[in-house]
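>>> Coordinates for the following, if possible.
(chains A, B and C)
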Amino acid sequence: MWKFIAKRLGSALAVLFAASLLLYVLVINSGDPLKDLRESNADNREYLMAQRVEYMNLDAPWYGRYWDWLTGASKCLIGQCDLGQNINGVEVSGLLANAASSTLRLVVLATVIAAVLGIAIGVLTAIRQYSGLDYIVTFMTFLFFSLPVFWAAVLLKEYLAISYNDWLADPQISLGSSIAIGIVVGLVLQMFLGGSLKRRGITFIAAAVFVPLVLQYSIWLNFYRYPQMGPAIIIVLTALVALSATAMSVGLKEKRVLYPALITVVLVLAMYYATFYMLLEPNAWILLFGLVLAVAIPAVVGRFMGGRLRKAAMSVSVATGVVGAGLTVVDHMFRAWPGFLDVKGRPIATIGSSTANLEGGFWDHFLDNGTQLLMPTILLAVISLASYSRYTRSSMLEVQRQDYIRTARSKGLSERTVIFRHAFRNAMIPIATIAAFDFAGLIGGAVITERVFGWKGMGEMFATGLDHVDPAPVMAFFLVTGTAAIIFNLLADIVYALLDPRIRV
Amino acid sequence: MSTPNKNLNENEPQNLNSVAEVEDAKLAQIHEKPKSQGRIVLERFVSHKPAMISAVILVVITVFAFSSIGWGPIPGWWGQNFYHAGAVVDGGKPTLSLVPAWLGGEGIRIGEHPFGQDSVGKDYFALVMNGTQKSIIIGVVVGLVATVLGTVIGAVAGYFRGWVDEILMRITDLFIVIPLLVLAAVLGKMAGASTGSIIILALVLGLVTWTGLARLVRGEILSLREREYVAAAQAMGSKTSRVIFKHLIPNTMGVIIVNATFAIAGAILLESSLSYLGFGVKAPESSLGLLISQYQNAFTTRPYLFWWPGMIIVTIALSVNFLGDGLRDAFDPRQIGKKRRRRAGLFALPTRKEKP
Amino acid sequence: MSHAAPMNEQGSDGYALSFTDLNVVFATGGADVHAVKGLSLTVRPGQVVALVGESGSGKSVTSTAAMGLLPENANVSGAAKVGNVNVVGLDEGKLRKMRATDIAMVFQEPMTALNPVLTIERQLTEALELHDIAYGKEATDRAIELLDMVGIPDPAKRVKQYPHQFSGGQRQRIVIAMAISCDPKVIIADEPTTALDVTVQAEILDLLRELKDRLNTGILLITHNMGVVADMADEVAVMFQGNLVETGTVEQVLLRPEHPYTQRLLAAVPRLSAPAVTTATPPHSSETAPPGRELVLEAKDLVLEYDMRGKIFRAVEEVSFDIAKGEVLGIVGESGSGKSTIAKAVLGLLPVASGSLSVQGHDLPKLSPKEARAVRKRIGVIFQDPAASLNPRFPIGDCITEPMVVHKVGSKAGRIKRAEELLDAVKLPRNVINRYPHELSGGQRQRVCIARALTLNPELLIADEPTSALDVSVQAVVLEMLQDLQRDFNFACLFVSHDLAVVDMLADAVVVMQSGRAVEQGMVDTVLHAPTHDYTKRLLAAAPVPDPHEQAVRRAAWRLLNSTK
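Numbers count the residues shown, from 1 in each chain, chains lettered A, B, ... in the order given. Next up is the predicted model:
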């Protein structure tokens, strides 16, 4: 396995080197870096030109400049990056840190969301091939394939962000629109949940009645400006997760799974009170540690109480624990929301990656980063989601034709076991390779997204750099995104090897 | 326990006692005309409704774009052109109205400037039609270049393997570390800096978009070259070129045609993205992407300047994608229509019963 | 051990499986397909009933109906009872509980029947856990026990492995272990040995027989191989075009068939002629031929290698043989023996690593490309898979005349005329000249391949398993045709096959290959009727014959051979 990774890493570095050379040569030949000065009428034109020639080392031959860049960049391996100066003589390494973190945050988040949702939708549409859901999802994916990113971004800004912000100033939902929303939710829900005509009808009616009531109640509570949850609702929701996860995995009569799940629910309640004051003003490490505990403790409980069903017990308990912990965090965010609205009246941002000079505590900054990320992430995720769902669907359909699926059915396994234990893993094998290409596509998409949403990220660095025929920022962009792509690709390779025992070395 | 021969279908040959005889009798009974693969694909394609609708839409848009304002020296039927500025009438608002008067609209009319006018009074309909022409040209040229390059390189790599294959795979790796958009932006800027012609831009984009198809063709050829008819052709002494062009490439036609259509849609979108970033088509040339990026800030005040080019890009790309999907279904016998597919596997996943 | 099935033991009438007036109709895009027409059949516990038929006979559809695994567009009527529960129209949930515990299945393709990403342990234990038979450690122990039972060595270690780490025969054993894991009343074995080599087939059949006796399970054996029927079955049912045409005991059906279809089917099965009867020696055998044989193909110390990403794999090791004009040389062996590799090398699809391989005196490796092309003109070829051996985009006429186009022989009209002559020779109607391969059946396509091979009147015909993908009766037609054409055109023929009986019928001389080496070679009469090498003996003993009495004798001989080994 290690040999395999080392080999992949070696060839990846070779590709990275070749790509950097290609990109460098192309960029410096894409125009004249002195063009604007040649056309300028400034008095100190000659001086400015000499200064720029010096900044960019234009007197050296191209291979000399490339060599300088390469030696500087390779110092990154020992933690002393020197990525040269940009056209104005500013050190690129200094610019990089902020830009890289906001871009990578955007791309990684969008990739994870797109992969998880896309694969889930793909599996669902493959199971329900030729259903109404399948047709609608197919049409939507084709639509997303066909959208120019920036065009969609303008629409998203206008109709989602700006209207939401306007609405939030005075949240009202009329009775008519809540009924309409209820009907739409009902239609969508019955399509996703499926089942017999009767079951679909019940789903629809339940949603169509329940949703308008909830909406009206939430307006009455002024929930959108003063959201609240409290321990009671957290416990009820967590318990529901515990029960439904148990029912779906082994059935409620299996005490060996049900009890650890219920114990986890009690633990969640205990933790809620224990950590209450700490979570009012936490930091990232506390949250991370909390997540680790939320996984580890239920896992241990499930492991010791599960007996022969320990695997199912562990996964059900962990799911319960994570949901409980997540709800606890959401509860704290709810508490911080009114305060956040006071400092930032129009929460969903359309410009920039964070609000400058924002006053407030951890949660305010957290919410600020979150709301700034919302629009670009939705945009990138939706476009990438389309391809994941398409590939997953066709891969699942392909796998379902295989002989071993028939063998699994002939053992009497339920349809769910056949699909998740036997078909799903095999269907994921080709997806792992596609994910690597998709990641590169997302970075390309990020260049546009950052321009639309006015982020000062890597994409902006690239676009401005290229515009000025300025290789240093372009190469810095390449160094970060290329390395990220290689790491992602390597992860995909490892996942591939984990999924498929045939290629393990 | 033996059962009498009952329930025999009328069209089945009777009183034969060998499979070989039954088959020969069936062959003798076929009276339909022989059907080539191409014909079967065409028939399946024609029965694919979304694809046919898309094809009609595409033809309409293309004919409209080229006939309305004319092309090159050929004049069109639309009275105005896209380069004459004029007086801005009624704030440049579009005169097109599709809501009849009895529904409270302004009545069905086209008017002088159906899509409105831009800031200097140019007719926006003519501008959009001009952009549509350019986008279609770019899409088709990129599609052609990418398809030809991808097919030849993919076929050579798949057939000879060895170093050609190595190089292809490394170039493909390159696209994992340099996103396509980035490379296209750099090349697009180079092309723009030198000439500014959209044909050059299209050729350059073709040079970076062939790798996907090349990989697919390579995979297809790798599996086809193990087929026995290819071995038979080689064994009878066929030249390599004959094997590739008569036996291999015609049988990868499905993959090639389907992906050529996707490449066209991709190229139109890629061009619009590049133009938006400023590395694609530049004024005085025009394209739909350029129009959108020029007027994106006018969205709140004059939304029609933003909507028309965008809608046309989406319509073209969507139609081309559906066309490609229909072609894929037509070429892939496993995916055609409900009934055929369900018969395909005895153990196919049970789907819900359809209503009669 | 608690059975979840809704009844206790065998049905009141004592059948493990019974079909009564079963009809299966598939609703398709065109006309409905009536796949099974009023079938009635019973299987008792501990009994093997063979359901025999060629492709399209409906035998697999019948078995799938019993498992309740038919697709939605199948309309099933009549009854298929497992024990005394009718599975036709049974609720899906109840049906699932019966699978594995009451009725289990062994599939044809062991290479694809197991999930490649799950361990054998997982795949065996999931059925045990699902049907409440054993859990956790206990289930693993039971899985190991099952593997031991089906003859997988070192089961405790191997149970943790993945399917790709097992050979085809071992995988079929695992599939059988899976089938018996929940003690079913009846096992449906759908062509369980068709994908396997003949010696592995004999072992798997032994295993099935032993398990059946030990567990008192009924077996519905679906097969097209009459030898397997004679070896295994107590009763036989013959299906043709969806109809059950004949049933009876194995002696009745195989030795005294009544229905004309069964009679013709049995007549079509190639058999190894009894050693005493040597009158069938072809007139052109080299013994009667003049001593100055006109050699067409000659291999001396031939070595062939595959280059698998830098790793050299030797497929053929120092094999020598020759074929003279008018002779047929058979090469027999099991998969991986290198027999097809030799055919590939003669066809120029694989370079010769060392030794010599000459066609009419021209040493192939030493020829220039141009000379090689001239030699190719004299060689015709027929491959195994009729579905893949014709370019789907060429009309039949173009397929047949392609060699003439490649070697620039004849005018356009001349080519059409030649194609028509050849279609006559392979007894296909002339109007198929404009049809496409997909409009023809497998046997018909194989006849087109023969026509194509003969287009340029070759001196040498290479036939690589030309009939192994065909039904028995179709195979008989094709073989007869080959024999006639060989007599008429007097070409030399290299005939590669795994089927000893076919080689016996067609060839004059034979080379027996095992793992790349020729272990025995000589005239057919000596090698196949008085073998000296152990491997040849094993091959001969393993191939079942369609006569239950003779097969019983051969089975005893096979066991003896194995015990002395």
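
>>> low-confidence ranges in chain B?
Applying pLDDT under 70 to chain B flags the ranges B:1-15, B:104-107, B:193-196, B:333-356.

>>> Please read the previous query as pertaining to the stretch 201-350 of chain A.
Scanning the stretch 201-350 of chain A for pLDDT under 70 picks out no residues.

>>> number of nearby residues for the residue of it found nearest chain C?
Residue nearest to chain C within the stretch 201-350 of chain A (CB to the nearest CB): A:R308, separated by 4.0 Å. The way it works is simple: take the backbone N, C-alpha and C, and place the C-beta from them, glycine included. By other CB atoms under 10 Å in any protein chain shown, the residues close to A:R308 number 15.

>>> Verify the contact between it and C:G136 for me.
Yes. A:R308 is within contact range of C:G136, at 4.0 Å (criterion: CB atoms under 8 Å).

>>> which parts of the stretch 101-250 of chain B sit against chain C?
Within the stretch 101-250 of chain B, the residues that sit near chain C (CB under 8 Å from any CB of the partner chain) are B:227-229, B:231-239, B:242, B:246-247, B:250.

>>> Which among the residues you listed count as buried?
By neighbour count, with 16 or more other CB atoms under 10 Å in any protein chain shown, those hold B:227-229, B:231-238, B:242, B:246-247, B:250 as buried.

>>> Same question for whichever strand or helix holds A:S389: list its buried residues.
Using DSSP states H and E, A:S389 sits within helix A:362-400. Neighbour-count burial for helix A:362-400, counted by 16+ other CB under 10 Å, picks out A:362-364, A:366-369, A:371-397, A:399-400.

>>> that older thread, going by distance to C:L95, which of the residues of the stretch 101-250 of chain B next to chain C wins?
Comparing these against C:L95 with CB to CB places B:R227 closest, at 40.0 Å.

>>> Let's verify the residue lying closest to the closest one once chain neighbours are set aside: helix, strand, or coil?
Closest residue in space to B:R227, ignoring its immediate chain neighbours: C:A388 at 4.7 Å, by CB to CB, 6 or more residues apart in numbering or on different chains. The assignment at C:A388 comes out as coil when based on DSSP: H, G, I helix; E, B strand; the rest coil.

>>> Indicate the residue of the stretch 1-150 of chain B located nearest to chain A.
Residue nearest to chain A within the stretch 1-150 of chain B (CB to the nearest CB): B:P50, separated by 8.6 Å.

>>> for the stretch 451-565 of chain C, what spans make up the strands?
With strands called from DSSP state E, counting those that start in this stretch, the stretch 451-565 of chain C shows them at C:460-464, C:492-497, C:509-514, C:517-523.

>>> Make JSON lines from those and add mean neighbour count to it.
Formatted as JSON lines, those follow (neighbours: other CB atoms under 10 Å in any protein chain shown):
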{"stretch": "strand C:460-464", "mean neighbour count": "24"}
{"stretch": "strand C:492-497", "mean neighbour count": "26"}
{"stretch": "strand C:509-514", "mean neighbour count": "25"}
{"stretch": "strand C:517-523", "mean neighbour count": "19"}
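
>>> how about the ones you listed in CSV, adding distance to chain B and mean pLDDT?
Listed next are those as CSV, based on distance: least, CB to the nearest CB, whole Å; pLDDT from 0 to 100:
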stretch, distance to chain B, mean pLDDT
strand C:460-464, 8, 94
strand C:492-497, 12, 94
strand C:509-514, 20, 94
strand C:517-523, 23, 93
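
>>> now those strands in TSV, with distance to chain A?
Shown next, in TSV, are these (distance: least, CB to the nearest CB, whole Å):
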stretch	distance to chain A
strand C:460-464	26
strand C:492-497	26
strand C:509-514	28
strand C:517-523	30
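
>>> can you put those strands in CSV and add distance to A:L442?
Shown next, in CSV, are the strands of the stretch 451-565 of chain C (distance: least, CB to CB, whole Å):
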stretch, distance to A:L442
strand C:460-464, 49
strand C:492-497, 53
strand C:509-514, 55
strand C:517-523, 56
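
>>> So for B:W102, which of those strands sits nearest?
Set against B:W102 and scored by CB to CB, the strands of the stretch 451-565 of chain C come closest in strand C:460-464, at 78.1 Å.

>>> and the closest one, what does it pack onto?
Helices and strands touching strand C:460-464, as assessed by 3 or more CB pairs under 8 Å, 6 or more residues apart in numbering or on different chains; DSSP states H and E, comprise helix C:339-346, strand C:379-382, strand C:492-497.

>>> who's in contact with that strand?
Applying CB atoms under 8 Å, 6 or more residues apart in numbering or on different chains, the contact partners of strand C:460-464 are B:235, C:296-297, C:323, C:340, C:343, C:346-347, C:359, C:378-384, C:453-454, C:482, C:486, C:491-496.

>>> swap the cut-off to 7 Å and go again
Strand C:460-464 is contacted by residues C:296-297, C:340, C:343, C:346-347, C:359, C:378-384, C:453, C:491-496 when judged by CB atoms under 7 Å, 6 or more residues apart in numbering or on different chains.

>>> for the residue of the stretch 1-150 of chain B closest to chain A, helix, strand, or coil?
When classified by three-state DSSP, B:P50 comes out as helix.

>>> Count the neighbours of it for me.
Residues contacting B:P50 under the criterion other CB under 10 Å number 19.

>>> Do I have it right that it meets B:G326?
Yes. With contact defined as CB atoms under 7 Å, B:P50 counts as touching B:G326 (6.3 Å).

>>> measure A:I297 to A:P260 for me?
Look at A:I297 and A:P260: by CB to CB, to the nearest Å, they are 11 Å apart.

>>> Where does residue 322 fall, secondary structure wise?
Went with chain A since none was named. Per DSSP H and E, A:V322 falls inside helix A:310-343.

>>> should've been chain B
With elements taken from DSSP H and E, the one containing B:F322 is helix B:303-331.

>>> How far does that helix sit from its chain's centre?
Distance of helix B:303-331 from its chain centroid, counting by CA atoms, centre = their mean, to the nearest Å, is 9 Å.

>>> What is that helix packed up against?
Secondary-structure packing of helix B:303-331 (3 or more CB pairs under 7 Å, 6 or more residues apart in numbering or on different chains; DSSP states H and E): helix A:132-145, helix B:37-46, helix B:49-68, helix B:124-160, helix B:253-277, helix B:288-295.

>>> Could you check the angle the fifth one makes with helix B:124-160?
Put plainly, it is helix B:253-277. Angle of helix B:253-277 versus helix B:124-160, following axes from the mean of the first three to the mean of the last three CA atoms, to 10 degrees, is 130 degrees.
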